[in-house]
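Would you be able to build a 3D model of this:
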Amino acid sequence: MKIDKGQNGTAAGRSAPAAVPDQGPRRYRARINHAPVLDPVRVQELAGEVHSQSRLLEFLNLFLVLLPSRVANVVSSLDARDVQAASAAAQSLASSASMAGANRLGLVALLIDFELQAGRMDRARETGRRLGRDAGELATALSRLLTGC
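Residues are numbered from 1 along each chain as shown. Predicted structure coming up:
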């Protein structure tokens, strides 16, 4: 699978590595704003890992299908102020986003979890408000990639 950065809405080049918790929320936010929606290098790596174009497409399609429910799980848990459920949902979203090359969405999910672990539910909920927009941008980029547009 050849990835044309101009066609999938991603930023050029490899993104910065994921933020680590001791860097704090400001660094997470700065990275989020500069992270590509979809990392073409990670998608190419994933293609090499699965050793099959059809398996790659199957994985990315499944990720795209499950994306709305994963985002909804985070948002509904935040709305319910259920720290444990929101943290688990955010970690799950961050992990799957990382595997799919969804850098920005993964960083948002990590920031939500970081805020929850620090006892800042209101900040986590504030950050959670951007999940829908970021997931929508990712869905568009993935759809373009999968259809070759």
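
Please count neighbours and contacts with C-alpha atoms only from this point.
Will do.

Which parts of this structure are helices?
Assigned by DSSP state H, the helices in the chain fall at 5-8, 24-34, 40-50, 53-79, 83-100, 103-117, 121-128, 131-147.

so what does the longest one touch, helix or strand wise?
In other words, helix 53-79. Using 3 or more CA pairs under 8 Å, 6 or more residues apart in numbering; DSSP states H and E as the contact test, the elements touching helix 53-79 are helix 40-50, helix 83-100, helix 121-128, helix 131-147.

ok, now the last one?
Contact here means 3+ CA pairs under 8 Å, 6+ apart; on that basis helix 131-147 packs against helix 5-8, helix 53-79, helix 103-117.

So which of the ones you listed is nearest Ala30?
helix 103-117 (10.2 Å; CA to CA).

Return the most buried member of the helices and strands packed on helix 131-147.
helix 103-117 (a mean of 26; mean count of other CA atoms under 10 Å).

what angle do that one and helix 131-147 make?
Inter-element angle recorded for helix 103-117 and helix 131-147: 150 degrees (by axes from the mean of the first three to the mean of the last three CA atoms, to 10 degrees).

what's the angle from helix 103-117 to helix 121-128?
170 degrees.

Fine by me, thanks again.
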